[in-house]
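S.K.: this is a predicted model, with the sequence first.
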Amino acid sequence: MERKYQINLDTFEGPLDLLLYFIKRDELNIYDIPIAKITREYLEYLNMMHTLDLQIAGEFVEMASTLMSIKAKMLLPRFSEASENDDIEDPRNELVQRLLEYQQYKEMGKEMKKLEEENISYFHRNPNLTYVDRNIDAEEILHKISLFDILTAFKNVLDKIPDESIPHEVQLEDVNIDDQTKYLYTFFIKKSKVNFSTVVKTIKNRVVLIVTFVAILEMIKTQQIRIYQTDLFEDFIIEKVE
Amino acid sequence: MKTIDINAKIVEAILIASDEAITQTKLDKCLDEGHQIDLGTTIKYLNNFYEKSDRSFFIMKVAGGYLLATHRDYEKYIRKFINRSGRIRLSYAALETLAIISYKQPITHPEIEKIRGVNSGGVISTLMERNLVAVKGRANSPGRPLLYVTTEDFLKYFGLNSSSDLPRLKELDEIIHGKNNKSQKSAEPNPLSEEKADNDK
Amino acid sequence: MKTIDINAKIVEAILIASDEAITQTKLDKCLDEGHQIDLGTTIKYLNNFYEKSDRSFFIMKVAGGYLLATHRDYEKYIRKFINRSGRIRLSYAALETLAIISYKQPITHPEIEKIRGVNSGGVISTLMERNLVAVKGRANSPGRPLLYVTTEDFLKYFGLNSSSDLPRLKELDEIIHGKNNKSQKSAEPNPLSEEKADNDK
């Protein structure tokens, strides 16, 4: 069989997408999918991926078993005999519903692509609030930082440090807030901005890190520095206040 | 050149100073007792001025209000300046996921995955990073999963006034009939909200 | 009104779209080979136009270059607008304290300070003024310090029903995990270095 496999392997978002491809290509009736045929095609495709040493995601395997189970149910005499009878549910129904629903969103995604293209060349006003709000108290300003962001940033950093260094009891560490404030100022010798990740990169001890973090908070409070993000989940930028 | 109306100047100042869309309601709250500005008229007046004086920007109706935006001609320069040489366009996976979230919002991660049939954690993270979706509350279902919604940046990104301006979801019939022909193409982005779009509020 | 020079329009567009100050060096990088714009002259030209046409904004010289800014007359409105729109929320210290209270509530003032390592009285009052935190009873510990909890307003702001709905560390993990690869990129030292500018021109 010389079916042209001009299937771009990366194009499929998942098993539903692949099935829709088969349905379209072979002009199948989505309400009456020839389950044996489509299962065979599907498995061939998985085999091919396997031959090409492509990693097959779990969802694809799961769908293979779903297809085979539908196929098996279709063979049960109870279904084939009563196929005219409405009150016995077609084993394909659930899959069909999923395909139809998925297809709707896939289509809508394409429409949104058009909107994206239409709008991508417009840029909206992006004011620098540091200057615009010059009279607004720094205490009042939250530069796009949410609760989630703070926990995320702090946790991110904590995660990089091996657990062994977590003290179970309070230990005397040779570090204090003043030291870490001085340490922070070393970054401001050459420039007035530094990324949070740069500051904490070399710190390997959790306690030192926490002290540094507190030093940063302290410096914000006393307005020696300000901190902001260019976007959600972006690194924090620490800027020296003159 | 003429001295412009004080009301127009107030609106203009807000447009310059904020990255959020201005609406009549928000404007009203900034004004003193008894001071009224009709936003629509003022916007027209300003846009007319910007056009006549050949500015590089205009006021765009988006995200439920008005925002300043630059004309397309300057895209090249701006992109280079803000160092987003190729503003990375969204992948189809991301667009499809956004379509689901915008229609079904608020929606949980498992619900999204059920519709797409694939693991969607990576896509959701990307969308959150780009601030196109956000977490808003939790579902009451077992495990109380987080609920996702689309953001104002989402509207700005697609140039939409509200999420009901999204291209409508095609009816199932249409998909069946359009199965083998190119009727997909004919579906222009519909600027008006459809029945289906109602449930996203 | 006169058609303005294309160079001025390029500079104007960048001023509108970027939150970073424009400098001659940065501008040069955006232009094609052979295209030159003298920034100083262009700024003068634009500022002259803005002044003559009585705009509510002007180009301000800051230490790092030039930015659009609004005239002081409109500050009152802008301030209200930005506040109303939720653009200005809480300080970093306040947010951190709020996080501690929300996860550890009910919690006393000394306990908060112990976690934060700094005096937190001011921050707590700010949070109370903004109705994000409230007093709920007293602890049985010596001195019977007041106990702080988060308010309903706080939960509403985040779309939560109760404090147990707050994001869990595990969920943060998932989100962080999903976006790890990409976020590495942004962890480079920021190439920009600007002196903080004096606020007046």
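M.R.: Done, it's in.
S.K.: C-alpha only now, for contacts and for neighbours.
M.R.: Noted.
S.K.: run a quick neighbour tally on A:Leu52.
M.R.: When neighbours are defined as other CA atoms under 10 Å in any protein chain shown, A:Leu52 has 9 of them.
S.K.: distance of it from chain B?
M.R.: 21 Å (CA to the nearest CA, to the nearest Å).
S.K.: run a quick neighbour tally on residue 73.
M.R.: No chain specified, so I'll use chain A. 16.
S.K.: I was thinking of chain B, sorry if that wasn't clear
M.R.: When neighbours are counted by other CA under 10 Å, B:Asp73 comes out with 14.
S.K.: quick one, domains of chain B?
M.R.: Per automatic domain parsing, the domain ranges recorded for chain B read B:3-73, B:87-200.
S.K.: tell me the contacts of B:Phe58?
M.R.: B:47, B:50-51, B:68-71 (CA atoms under 8 Å, 6 or more residues apart in numbering or on different chains).
S.K.: quick one: the helices in chain B?
M.R.: Here chain B has its helices, by DSSP state H, at B:6-17, B:24-30, B:39-52, B:75-81, B:92-104, B:109-116, B:121-129, B:152-158, B:172-177, B:183-186.
S.K.: got CSV for these, with mean neighbour count too?
M.R.: Below are the helices of chain B laid out as CSV (neighbours: other CA atoms under 10 Å in any protein chain shown):
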stretch, mean neighbour count
helix B:6-17, 22
helix B:24-30, 16
helix B:39-52, 15
helix B:75-81, 20
helix B:92-104, 23
helix B:109-116, 18
helix B:121-129, 20
helix B:152-158, 20
helix B:172-177, 14
helix B:183-186, 12
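S.K.: could you dump these to JSON lines with distance to chain C and mean pLDDT?
M.R.: Below are the helices of chain B laid out as JSON lines (distance: least, CA to the nearest CA, whole Å; pLDDT from 0 to 100):
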{"stretch": "helix B:6-17", "distance to chain C": "5", "mean pLDDT": "92"}
{"stretch": "helix B:24-30", "distance to chain C": "5", "mean pLDDT": "90"}
{"stretch": "helix B:39-52", "distance to chain C": "7", "mean pLDDT": "93"}
{"stretch": "helix B:75-81", "distance to chain C": "5", "mean pLDDT": "88"}
{"stretch": "helix B:92-104", "distance to chain C": "14", "mean pLDDT": "93"}
{"stretch": "helix B:109-116", "distance to chain C": "12", "mean pLDDT": "92"}
{"stretch": "helix B:121-129", "distance to chain C": "5", "mean pLDDT": "83"}
{"stretch": "helix B:152-158", "distance to chain C": "12", "mean pLDDT": "91"}
{"stretch": "helix B:172-177", "distance to chain C": "33", "mean pLDDT": "56"}
{"stretch": "helix B:183-186", "distance to chain C": "33", "mean pLDDT": "39"}
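S.K.: any chance of those in JSON lines, with distance to chain A too?
M.R.: What follows is those, written out as JSON lines (distance: least, CA to the nearest CA, whole Å):
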{"stretch": "helix B:6-17", "distance to chain A": "6"}
{"stretch": "helix B:24-30", "distance to chain A": "15"}
{"stretch": "helix B:39-52", "distance to chain A": "15"}
{"stretch": "helix B:75-81", "distance to chain A": "5"}
{"stretch": "helix B:92-104", "distance to chain A": "4"}
{"stretch": "helix B:109-116", "distance to chain A": "6"}
{"stretch": "helix B:121-129", "distance to chain A": "6"}
{"stretch": "helix B:152-158", "distance to chain A": "5"}
{"stretch": "helix B:172-177", "distance to chain A": "7"}
{"stretch": "helix B:183-186", "distance to chain A": "8"}
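S.K.: of those helices, which is nearest A:Ile225?
M.R.: Closest approach to A:Ile225 among these (CA to CA): helix B:6-17, 22.9 Å.
S.K.: before we move on, back to that, what about the domains of chain B, which gets the closest to A:Thr181?
M.R.: That would be, of those and by CA to CA, domain B:87-200, which comes in at 30.3 Å.
S.K.: which residue does chain B have closest to chain C?
M.R.: Chain B approaches chain C most closely through B:Gly137 (4.5 Å), counting by CA to the nearest CA.
S.K.: quick one: that residue and B:Ala99, what's the gap?
M.R.: Distance from B:Gly137 to B:Ala99, counting by CA to CA, to the nearest Å: 20 Å.
S.K.: is B:Ala93 in contact with A:Gly14, as I believe?
M.R.: No. Counting by CA atoms under 8 Å, B:Ala93 does not reach A:Gly14; the two are 9.5 Å apart.
S.K.: quick revisit: out of the helices of chain B, flag the one nearest A:Ala64.
M.R.: helix B:109-116 (16.0 Å).
S.K.: angles on the backbone of A:Ile225, please.
M.R.: The phi/psi pair for A:Ile225 (degrees, to the nearest 10) reads phi -140, psi 160.
S.K.: that one pairs with what?
M.R.: Counting by DSSP bridges, A:Ile225 is bridged to A:Lys240.
S.K.: dump the residue contacts of it.
M.R.: Applying CA under 8 Å, 6+ apart, the residues near A:Ile225 are A:216, A:219, A:238-241.
S.K.: coming back round to it: mind putting the contacts of B:Phe58 in CSV, distance to B:Glu152 included?
M.R.: Below are the contacts of B:Phe58 laid out as CSV (distance: CA to CA, whole Å):
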residue, distance to B:Glu152
B:Asn47, 23
B:Tyr50, 25
B:Glu51, 27
B:Leu68, 15
B:Ala69, 15
B:Thr70, 18
B:His71, 21
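S.K.: what's the closest non-adjacent residue to the residue positioned nearest the centre of chain B?
M.R.: Central residue of chain B (CA atoms, centre = their mean): B:Leu155, 0.7 Å from the mean position. Take B:Leu155 and drop its neighbours on the chain: the residue closest to it by CA to CA, 6 or more residues apart in numbering or on different chains is B:Ala63, 5.2 Å away.
S.K.: so how many other residues sit close to that neighbour?
M.R.: 24.
S.K.: tell me, what's the model's pLDDT at it?
M.R.: Looking at B:Ala63, its pLDDT reads 86.
S.K.: before we move on, the earlier item: dump the domains of chain B to CSV, plus distance to C:Lys114.
M.R.: Shown next, in CSV, are the domains of chain B (distance: least, CA to CA, whole Å):
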stretch, distance to C:Lys114
domain B:3-73, 38
domain B:87-200, 30
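S.K.: what's the closest of the ones you listed to B:Lys80?
M.R.: domain B:87-200 (10.1 Å).
S.K.: please report how far A:Ile56 lies from chain B.
M.R.: 12 Å.
S.K.: spell out the secondary structure type for that residue.
M.R.: coil (DSSP: H, G, I helix; E, B strand; the rest coil).
S.K.: surely it is in contact with A:Met49?
M.R.: Yes. A:Ile56 lies in contact with A:Met49 (CA under 8 Å); the separation is 7.0 Å.
S.K.: show me the contacts for B:Tyr148.
M.R.: B:101, B:105-109, B:133-137.
S.K.: just those: which are in strands?
M.R.: B:107-108, B:133-137 (DSSP state E).
S.K.: would you map out the domains in chain A?
M.R.: If you go by automatic domain parsing, chain A breaks into A:1-125, A:137-242.
S.K.: one step back: tell me which of the domains of chain B lies nearest to C:Gln36.
M.R.: domain B:3-73 (17.6 Å).
S.K.: remind me, longest helix of chain A?
M.R.: Longest helix in chain A, counting by DSSP H: helix A:93-119.
S.K.: least confident of the domains of chain A, on average?
M.R.: domain A:137-242 (a mean of 65).
S.K.: about what we covered before: farthest pair within the contacts of B:Tyr148?
M.R.: Across the contacts of B:Tyr148 (CA to CA), the longest gap, 14.3 Å, separates B:Ile101 and B:Gly137.
S.K.: rewinding a little: among the helices of chain B, which is nearest C:Glu12?
M.R.: Per CA to CA, nearest to C:Glu12 of these: helix B:75-81, 10.2 Å.
S.K.: could I have the closest one exported to PDB, CA atoms only?
M.R.: C-alpha atoms of helix B:75-81 as PDB (Å, rounded to 0.1, in the frame of the first residue of the first chain):
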ATOM      1  CA  GLU B  75       6.200  48.500  13.700                       C
ATOM      2  CA  LYS B  76       9.700  47.800  12.400                       C
ATOM      3  CA  TYR B  77      11.300  50.500  14.400                       C
ATOM      4  CA  ILE B  78       9.400  49.900  17.600                       C
ATOM      5  CA  ARG B  79      10.100  46.200  17.400                       C
ATOM      6  CA  LYS B  80      13.800  46.800  17.100                       C
ATOM      7  CA  PHE B  81      13.700  49.400  19.900                       C
END
